[in-house]
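**Student:** Provided below for reference: sequence and predicted model.
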Amino acid sequence: MVENEFKNDTDFLDQHFLIDDKVINKVIEVSDIKRTDVVLEIGPGKGVLTKKIIKLTNNLTLIEKDKRLNIYLDKIENIKVIYDDVLNVDISGFNIIITSLPYSITEPFIYKLIDYKFDKLVMICGKNYADNVVDNSNNKLSILTNLYFNVKKIIDIEPNSFEPKPRVMSSLIVLTTKDDNTLNKKERIIKMLFKYRYMKTKNALKEILIKLNNITQREARNIIELYKIDKEILDKLFDELNSDEVVKLINSIR
């Protein structure tokens, strides 16, 4: 395949490549990459950002799902490229992550991030998600993001900054890992529920209360009864709770 034969896959891969030099330079600026940083770029596309990042660090790895983009990426020296879906790849060992993912996988990607340690994530995302997180909106993904990360919105990005243009506005945000010491006990309980999300909520709560308070199972069950949480919520997997149910659960915990 030659370069002029490449066609963006906006239907399956949701490809919208960043072409705005001002936005590209802003991403580089807020990333503040040092030579010793171990950097991961997710969704590099045609390598526009990649070519700037590699000038700043000795250690750059790319994850790109679309193998057809190798006609651009394999020409860039001194990088490692993993052609795979980021949701299937171990992303440990990187202290700076830069990404412009399809907005449709924002939620599973954020869930993935909570299991990893890093210094900074620089992310182009949908404006709706960015605004919800910054405004502390009562939706499940916003709650999750704010419990695990400090979030700073940098700029909004117009559709014409991409080729082809997406149908929605975008934003550039920076995420840094939040210290547990900044959370009160109620927030720590909710935060841990996302880790235990594949358990029934009542069982997850019990395990968390035992761990946090060093109490018996019976004492944990008594505390849960005092919370007076709807039985329907308790009997669901936490992962199956919708945003309204998560807010009800949060309001019940004291």
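**Tutor:** It's in.
**Student:** switch to C-alpha atoms for all contacts and neighbour counts from now on
**Tutor:** Noted.
**Student:** what sits against the nearest residue to residue 171 once chain neighbours are set aside?
**Tutor:** Closest residue to residue 171 apart from its sequence neighbours, by Cα to Cα, 6 or more residues apart in numbering: residue 156 at 4.2 Å. Contact analysis of residue 156 by Cα atoms under 8 Å, 6 or more residues apart in numbering lists 127, 169, 170, 171, 172.
**Student:** quick check, nearest of those residues to residue 222?
**Tutor:** Closest approach to residue 222 among the contacts of residue 156 (Cα to Cα): residue 127, at 42.6 Å.
**Student:** ok, that closest one to residue 104 distance?
**Tutor:** In this view, residue 127 and residue 104 are 13 Å apart by Cα to Cα, to the nearest Å.
**Student:** looking at these two, which one has more neighbours?
**Tutor:** Neighbour totals were compared for residue 127 and residue 104, and residue 127 leads with 21 against 12 (other Cα atoms under 10 Å).
**Student:** against residue 224, how distant is the more buried one?
**Tutor:** Residue 127 is 37 Å from residue 224, by Cα to Cα.
**Student:** got it, and residue 132?
**Tutor:** For residue 132, the distance to residue 224 - Cα to Cα - is 30 Å.
**Student:** between these two, which is the more surrounded one?
**Tutor:** residue 224 (20 against 16).
**Student:** the more buried one is in contact with residue 204, isn't it?
**Tutor:** No: using Cα atoms under 8 Å, residue 224 is not in contact with residue 204, being 10.8 Å away.
**Student:** which one is residue 66 nearest to, not counting chain neighbours?
**Tutor:** Going by Cα to Cα, 6+ apart, residue 66 has residue 83 as its nearest residue, at 6.8 Å.
**Student:** okay, now the one you found: neighbour count?
**Tutor:** Neighbours around residue 83, by other Cα under 10 Å: 17.
**Student:** what does residue 125 give?
**Tutor:** Neighbours of residue 125 using other Cα under 10 Å come to 22.
**Student:** that one against residue 171, yeah?
**Tutor:** Yes: between residue 125 and residue 171 there is a contact under Cα under 8 Å: 5.5 Å.
**Student:** quick check: the gap between residue 169 and residue 175.
**Tutor:** Distance, residue 169 to residue 175, using Cα to Cα: 19 Å.
**Student:** again, but for residue 235
**Tutor:** Plainly put, residue 235 is 33 Å away from residue 175 if you go by Cα to Cα.
**Student:** out of those two, which sits in the more crowded spot?
**Tutor:** Neighbours were counted for residue 235 and for residue 175 using other Cα under 10 Å; residue 175 has more, 20 against 13.
**Student:** which residues touch residue 67?
**Tutor:** Taking Cα under 8 Å, 6+ apart, we find residue 67 in contact with residue 83.
**Student:** do that again at 10 Å, thanks
**Tutor:** Contacts for residue 67 (Cα atoms under 10 Å, 6 or more residues apart in numbering) come out as 73, 82, 83, 84.
**Student:** ok, residue 93 touching residue 60?
**Tutor:** No: contact between residue 93 and residue 60 fails when scored by Cα atoms under 10 Å: they sit 11.5 Å apart.
**Student:** quick check: neighbours shared by those two?
**Tutor:** Common neighbours of residue 93 and residue 60 (Cα under 10 Å, 6+ apart) are 38, 39, 40.
**Student:** any idea how far residue 55 is from the second one?
**Tutor:** What it means is residue 39. Distance, residue 39 to residue 55, by Cα to Cα: 12 Å.
**Student:** nothing else from me, thank you.
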